[in-house]
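>>> using only what follows, build the 3D model:
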Amino acid sequence: MAGVSKFTKKIYFVRHGESIGNVGALRGTITDSLTEKGREQAAFMAKRAQKLPIEAIIASTMTRAQETGQIISESIGISLESSSLFTEALPASEIMGKARDSEKNIQFIKMYFENFGKPGWRHSDEENFEDLKVRAGKALKFLEEREEQNIMVVTHGFFMRVLIARAVFGENLTARECQQFTRTFHMENTGLSVLVYDEQEDAPWPWWLWIWNDHAHLG
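I've put the predicted structure just below:
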């Protein structure tokens, strides 16, 4: 098997630690904090990050990602940067913070995924597939243009899967491919995934998945 080219950069994606929204009865919000377990998970990831050649660390602007990123940042001695490009996919504002088993939430989820592949479909103010595909493309472009060769990004479960799918399938990513990816590629809180970017101009497929959901640091 061919090794990693010297012309590549590595992006170390970390899902945030366990948050209140991950374990509570209410759907998560933008400001959900980490649980005590989530802070412990972030600390385990921080110890692991000390052994990685990280040159920059960037976190989603959502609270749970910021808290995770700050724990890692302090451990490796690199200032934390923030970017809204890596926030979680936004659901309709009317269901944020509402009970997961409420009729409104159940109906939204059902309609959202039934219509995920319909061009232009939108229930209300949520991000649809087209929105997420565009944002994932911008996020990858942002990372491509960074000077650092080893970057850590603290992000979220669903959007991270969309972003990886966009990297793997490229600009021609379809809603069906994306939905299949998000349903079958599961991950743990603080699971580590690594994308490699081949910077050679003649690279036939510049992005490729090197590691998926490695959570050995959690035991």
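>>> in the biggest helix by length in the chain, what's buried?
Longest helix of the chain, by residue count under DSSP state H: helix 129-145. Of all the residues in helix 129-145, those buried under the rule 16 or more other C-beta atoms under 10 Å are F129, L132, K133, R135, A136, G137, A139, L140, L143. Just so you know, the C-beta spots here come from the backbone N, C-alpha and C atoms, and that holds for glycine as well.
>>> neighbours of L163, how many?
By other C-beta atoms under 10 Å, the residues close to L163 number 28.
>>> what's the helix or strand hosting it packed up against?
Taking DSSP states H and E as the criterion, L163 maps to helix 157-169. Applying 3 or more C-beta pairs under 8 Å, 6 or more residues apart in numbering; DSSP states H and E, we find helix 157-169 packed against strand 8-15, helix 129-145, helix 175-184, strand 192-198, strand 207-214.
>>> dump those to TSV, plus mean pLDDT and distance to P91.
As requested, the helices and strands packed on helix 157-169 are arranged in TSV below (pLDDT from 0 to 100; distance: least, C-beta to C-beta, whole Å):
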stretch	mean pLDDT	distance to P91
strand 8-15	96	18
helix 129-145	97	12
helix 175-184	95	14
strand 192-198	96	23
strand 207-214	95	23
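>>> distance to R48 added to those, as a markdown table?
As requested, those are exported to a markdown table (distance: least, C-beta to C-beta, whole Å):
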| stretch | distance to R48 |
| --- | --- |
| strand 8-15 | 9 |
| helix 129-145 | 21 |
| helix 175-184 | 25 |
| strand 192-198 | 7 |
| strand 207-214 | 9 |
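>>> most centrally placed residue in this protein?
M160 (2.7 Å; C-alpha atoms, centre = their mean).
>>> confirm for me that it is in contact with H16.
No. Contact status for M160 versus H16: not in contact, 9.8 Å apart, counting by C-beta atoms under 8 Å.
>>> returning to that earlier point: mind checking how far the residue nearest to the centre of the chain is from S124?
According to C-beta to C-beta, to the nearest Å, M160 stands 24 Å off from S124.
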